[in-house]
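Q: When you get a sec, could you give me coordinates for this:
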Amino acid sequence: MSTGRELPDLFEPGRHGDADAEPGLIDFAVNVQPGPPPFVRDALAVRLGDLAAYPSARDADAAVAAAAVLHGRRTDEILLLDGAAEGFELLARLRPRHVAVIAPSFTEPERVLRAAGARISRVVLPPPWRLDASLVPDDADLVIVGNPTNPTSVLHPRSDLEALIRPGRLVVVDEAFADLTLGDDGRREPQSLADGLPSGVIVIRSATKTFGLAGLRVGYLLAAPEVIARLTAGRRHWPLGTLALVALAECLGPRGQAHAAGLAAAIAADRAAMVERLRAHGITVPGIPRAPYVLVEVPDGLGLKAALRTRGCAVRSCANFTGLGPQYLRLAVRPPGRVTALLAAWEDASREAARTAAAATTTGAHR
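A: Below you'll find the model as predicted:
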């Protein structure tokens, strides 16, 4: 089934799912939710006339206050970010001696820290990717882990994350999708460290995924004030624009959190139905997915990805994730109708692959 076309690019660490989401394709490659929701659009529209002025301290204070109230933190424990990706860039200012990256995981933190010259060790977890603090080098003074992890969709227990903490070490938890996770009891963000914020922990959060704001770039982190001072030493003025500040205040406020709660419940239901249908079609879904995306394992991931593209569906290859490889694909959770279209394309691609294999066997037998 493999075509060989564009394969080298799929292994590049800097490649992300947006490269696959071509116009006209049903998008299973990108995990951003549709949006922004109407209340965010309205708030942004009201402020369009203010764009001639520099971003104001009042707007920044409002966004910080919303994050502090949401997580029960002090305002000096909040740092607003130009997207969660900026948080990873700022980590280089900590000048870590030895960075341990828990893999498989989002590739951006390792990419930016390696470019900054940091010494990096990859701690590769075997399936089903349960976090094991004993695997982390003792001298690692910065540890990076996703929760839920992209792309495995694993949600690590708080206790496993807390086991990483030790004197002289900072643990960075990427919680970009945490606001869409639910516990077995229906409680939101059951494993987040944002509210407790243990000493020695940096939590990086994003509002772009849940609220459909990837084009605006909005995020924030939580950390001790002295850590934030180190992260921001020499940072540019006005790191976030007016619209980003307004959007953050709305997303983290009561209306935004009510919207996120509704999305989390809907995604949990869609994910359960999607996983059941995938497995009913003989598709391997390893582990217990808890994020708004599902990892699948297939014999020829690159070939299947190309075949699905020609049939109108975009999926994310995991060929460039350490600890995974081309046999894995990541699928964003989508409503039942789109899953039906994906499975129809999948079955058609599988039938074509079977016919091609049978024809090759027949040809070989006649030689």
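
Q: Which strand residues bridge residue 316?
A: Here residue 316 sits in beta bridges with residue 330, going by DSSP bridges.

Q: Can you get me a residue count around it?
A: 30 (other C-beta atoms under 10 Å). No exception for glycine: its C-beta is placed from N, CA and C like everyone else's.

Q: Confirm for me that it is in contact with residue 324.
A: No - counting by C-beta atoms under 8 Å, residue 324 is not a contact partner of residue 316; they are 11.0 Å apart.

Q: Identify the contacts common to those two.
A: Between them, residue 316 and residue 324 share these contacting residues under C-beta atoms under 8 Å, 6 or more residues apart in numbering: residue 151.

Q: what distance separates stretch 315-335 from the middle of the whole chain?
A: Its chain's average C-alpha position is 12 Å from that of stretch 315-335, according to C-alpha atoms, centre = their mean, to the nearest Å.

Q: end to end, how far does it reach?
A: 15 Å (C-alpha to C-alpha, to the nearest Å).

Q: Give me the buried positions along it.
A: 315-334 (16 or more other C-beta atoms under 10 Å).

Q: list the contacts for residue 114?
A: So residue 114 contacts residue 120 (C-beta under 8 Å, 6+ apart).

Q: Give me the subset of the buried residues of stretch 315-335 lying in strands.
A: Among the buried residues of stretch 315-335, DSSP state E puts 316, 317, 328, 329, 330, 331, 332 in strands.

Q: Tell me the one of these nearest residue 151?
A: residue 330 (4.0 Å; C-beta to C-beta).

Q: wait, doesn't that closest one sit right on residue 297?
A: No - contact between residue 330 and residue 297 fails when scored by C-beta under 8 Å: they sit 10.9 Å apart.

Q: residue ranges for the strands of the stretch 201-350 of the chain, please.
A: For the stretch 201-350 of the chain, applying DSSP state E, counting those that start in this stretch gives strands covering 201-206, 219-222, 293-297, 313-314, 316-317, 328-332.

Q: contacting residues around the second one?
A: Counting by C-beta under 8 Å, 6+ apart, the neighbours of strand 219-222 from elsewhere in the structure are 63, 67, 71, 73, 77-87, 176, 194, 197, 202-208, 228, 231, 248, 252.

Q: so of the residues you listed, which ones are in helices?
A: 63, 67, 71, 84, 85, 86, 87, 228, 231, 248, 252 (DSSP state H).

Q: For this protein, which helix extends over the most residues?
A: The chain, longest helix under DSSP H: helix 336-365.

Q: Just the buried residues of that helix, please?
A: Quick answer for helix 336-365 (16+ other C-beta under 10 Å): 338, 339, 341, 342, 343, 345, 346, 349, 350, 353.

Q: Okay, angle between that helix and strand 293-297 too, please.
A: Here helix 336-365 points in a direction 10 degrees away from that of strand 293-297 (axes from the mean of the first three to the mean of the last three C-alpha atoms, to 10 degrees).

Q: so how far is helix 336-365 from its chain's centroid?
A: 30 Å.

Q: do the same with stretch 12-27
A: Per C-alpha atoms, centre = their mean, the centroid offset for stretch 12-27 relative to its chain is 14 Å.

Q: mean confidence for that stretch?
A: Here stretch 12-27 scores 83 as its mean pLDDT.

Q: First-to-last residue distance for it?
A: First-to-last residue span, stretch 12-27, C-alpha to C-alpha: 21 Å.

Q: Which residue ranges of this protein form helices?
A: Remark: helices assigned in the chain by DSSP H are 7-10, 38-46, 57-71, 84-90, 108-115, 158-162, 225-232, 242-252, 254-280, 301-310, 336-365.

Q: want to throw those into JSON lines with distance to residue 168?
A: Formatted as JSON lines, the helices of the chain follow (distance: least, C-beta to C-beta, whole Å):
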{"stretch": "helix 7-10", "distance to residue 168": "38"}
{"stretch": "helix 38-46", "distance to residue 168": "41"}
{"stretch": "helix 57-71", "distance to residue 168": "25"}
{"stretch": "helix 84-90", "distance to residue 168": "20"}
{"stretch": "helix 108-115", "distance to residue 168": "18"}
{"stretch": "helix 158-162", "distance to residue 168": "16"}
{"stretch": "helix 225-232", "distance to residue 168": "13"}
{"stretch": "helix 242-252", "distance to residue 168": "32"}
{"stretch": "helix 254-280", "distance to residue 168": "35"}
{"stretch": "helix 301-310", "distance to residue 168": "40"}
{"stretch": "helix 336-365", "distance to residue 168": "47"}
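
Q: Least confident of those helices, on average?
A: What stands lowest among the helices of the chain, in mean pLDDT terms, is helix 7-10, with a mean of 69.

Q: Of the helices of the chain, which is nearest residue 188?
A: Nearest of these (C-beta to C-beta): helix 254-280, 5.7 Å.

Q: Report the angle between that closest one and strand 328-332.
A: Going by the same axes, to 10 degrees, helix 254-280 makes 140 degrees with strand 328-332.

Q: what's helix 254-280 packed up against?
A: Contact here means 3 or more C-beta pairs under 8 Å, 6 or more residues apart in numbering; DSSP states H and E; on that basis helix 254-280 packs against helix 38-46, strand 293-297, helix 336-365.

Q: quick one: it to chain centroid distance?
A: Its chain's average C-alpha position is 16 Å from that of helix 254-280, according to C-alpha atoms, centre = their mean.

Q: Can you tell me which of the strands of the stretch 201-350 of the chain is packed in deepest?
A: Highest mean neighbour count among the strands of the stretch 201-350 of the chain (mean count of other C-beta atoms under 10 Å): strand 316-317, with a mean of 30.
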